[in-house]
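Q: Quick one: sequence plus predicted model below, questions after.
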Amino acid sequence: MAKAFHLTIARIGENVFDDEAVSLTLPGSEGMMTVLADHEPFISELAVGEARFEAADGKHYHIPVREGGVIEISHNQATVLL
């Protein structure tokens, strides 16, 4: 089993996802990026596109990123604000 990290994805007034994930791919301001467990800490703006991730239970999700947003990664946790 792949190593997991905690992923929180939220919009104003809505918690989209808050659980363990094994991978996250989303549109960064400089191009597509993929996040895995133990990723280096960073903060980045997001571009319009689609966030795709695999939860620790094996389910795959696709969430539209309509107006950009921000991702912050630290301490094996990723937080995406859309």
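A: Thanks, I have the structure now.

Q: For the rest of this, base every contact and every neighbour count on C-alpha atoms.
A: OK.

Q: And for the residue found closest to E54 once you drop the neighbours it is linked to in the chain, the neighbour number?
A: Counting by CA to CA, 6 or more residues apart in numbering, the nearest residue to E54 once its immediate chain neighbours are dropped is H60, at 4.5 Å. A count of neighbours around H60, defined by other CA atoms under 10 Å, yields 13.

Q: pLDDT wise, what is H60 at?
A: pLDDT, the model's per-residue confidence, is 98 for H60.

Q: contact partners of stretch 34-52?
A: Contacts with stretch 34-52, where a contact means CA atoms under 8 Å, 6 or more residues apart in numbering, come from 3-5, 22-29, 60-76.

Q: what's the closest non-adjacent residue to L24?
A: F53 (4.2 Å).

Q: how near is the one you found to I9?
A: Distance of F53 to I9, given as CA to CA, to the nearest Å: 11 Å.

Q: More neighbours: these two, which one.
A: Of the pair F53 and I9, F53 is the one with more neighbours under other CA under 10 Å, namely 21 against 18.
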